[in-house]
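Novice: just coords:
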């Protein structure tokens, strides 16, 4: 008698609850937990279907599709179902023009997150497409930016490159510059090619991330100083300070300051994080000019192409604006005030 009443109360409750769930076409998470509980209680598929007010084939199909190696488990069944829905033909599709444009931007070394900020496609969808392309023998994945672990040297080391005359340490630079609130504060470095022959001088504005590149045949102080002056002269109104590493190629900093009306500062030896904007940009540049590539194979036209691509790639820290947009807006504000 007690067992019959218990069965009646369970049946009444499940029938009432299942009617509330009838508006769903697919089985819900709650129904899957009910299936699991009823199976544990010894009910067969026909009884479960009747108690849930579902067709027997629905229960049968659920058990066939969503039973794992350890039997039917409701949480795993929900995961299996969601995965199938994601891969289903009926899943939301991306417009062909969006996919084509997104792939084009991947080839230009935009990250999926940067692309998702500009196009109606999620970065997860884009990653799936890239790796599906890889599985089919495609090469789109090679354009993804890879972050490698780097060995770091710390400031406890001794600088063996000699001393730079009239060197002004970074500790004397005004603290407000660190906040990146104002355009006009630059970081400079050189990126060398294979066999240490030839180099690219990189000049990166701290707030906007805008970069100017110049190729030099070797890293002499005269050539590097001339490259910096000639390339930053057009932006002289937005050149207030220049921060360098301790390479001897920057020994001509006094001449540069005189030409650009700027102030030079030097980071501590082996403290690359004190020029974080420049170091980050150099990592992006290495996508195009790997360490093993000879600078003799890099043309001035390619340097300009790389500069244009990186300056027009949106950055998360800029609210997905591009460095070019932020930098040139600052130039317009200067022009309006004059």
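Specialist: Received, thanks. Note that this is a predicted model, so its numbers are computed, not measured. Residues are numbered from 1 along each chain as shown.
Novice: Distance of the closest residue to residue 133 other than its chain neighbours relative to residue 298?
Specialist: Using C-beta to C-beta, 6 or more residues apart in numbering and skipping the chain neighbours, the partner closest in space to residue 133 is residue 140 (4.6 Å). (Each C-beta comes from the backbone N, C-alpha and C, glycine too.) Residue 140 sits 24 Å away from residue 298, going by C-beta to C-beta, to the nearest Å.
Novice: element containing residue 50?
Specialist: helix 45-51 (DSSP states H and E).
Novice: Oops, could you answer that again for residue 264 instead?
Specialist: strand 263-266.
Novice: In terms of secondary structure, what does that strand contact?
Specialist: When contacts are defined as 3 or more C-beta pairs under 8 Å, 6 or more residues apart in numbering; DSSP states H and E, strand 263-266 sits against strand 241-244, helix 253-260.
Novice: What lies in contact with the longest one?
Specialist: Defining contact as C-beta atoms under 8 Å, 6 or more residues apart in numbering, one finds that helix 253-260 is touched by 164-167, 225, 228-229, 232-233, 236, 239, 242, 244, 262-264.
Novice: Only the buried residues of that helix, if you could.
Specialist: By neighbour count with 16 or more other C-beta atoms under 10 Å, helix 253-260 contains the buried residues 253, 256-257, 259-260.
Novice: next one: the first one
Specialist: When burial is assessed from 16+ other C-beta under 10 Å, strand 241-244 yields the following buried residues: 241-244.
Novice: I'd like to know which of these is nearest to residue 53.
Specialist: Using C-beta to C-beta, residue 243 comes nearest to residue 53 of these, at 72.0 Å.
Novice: chain center to the helix or strand harbouring residue 333: distance?
Specialist: Counting by DSSP H and E, the element that carries residue 333 is helix 323-337. Offset of helix 323-337 from its chain centre (C-alpha atoms, centre = their mean, to the nearest Å): 26 Å.
Novice: do stretch 191-208 as well
Specialist: That offset, for stretch 191-208, works out to 22 Å (C-alpha atoms, centre = their mean).
Novice: re the thing from before, and for the helix holding residue 333, what's in contact with it?
Specialist: With contact meaning C-beta under 8 Å, 6+ apart, helix 323-337 is reached by 183-184, 205, 207-211, 235, 237-238, 310-313, 315, 318.
Novice: Buried subset of these, written for PyMOL?
Specialist: Command for PyMOL that selects the buried part of the contacts of helix 323-337, burial taken from 16+ other C-beta under 10 Å:
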select buried, resi 183+184+205+207+208+209+210+211+235+238+310+311+313+315
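Novice: Strands along the stretch 1-150 of the chain, start to end?
Specialist: Assigned by DSSP state E, counting those that start in this stretch, the stretch 1-150 of the chain shows strands spanning 67-68, 71-72.
Novice: Nearest to residue 283, out of those?
Specialist: Using C-beta to C-beta, those put strand 67-68 closest to residue 283, at 42.8 Å.
Novice: In the sheet, which strands lie alongside that closest one, parallel or antiparallel?
Specialist: strand 71-72 (antiparallel) (DSSP bridges).
Novice: quick check: mean pLDDT across the partner strand?
Specialist: On average, the pLDDT along strand 71-72 is 90.
Novice: do stretch 216-231 as well
Specialist: On average, stretch 216-231 scores 94.
Novice: repeat for stretch 41-50
Specialist: Mean predicted confidence for stretch 41-50 is 90.
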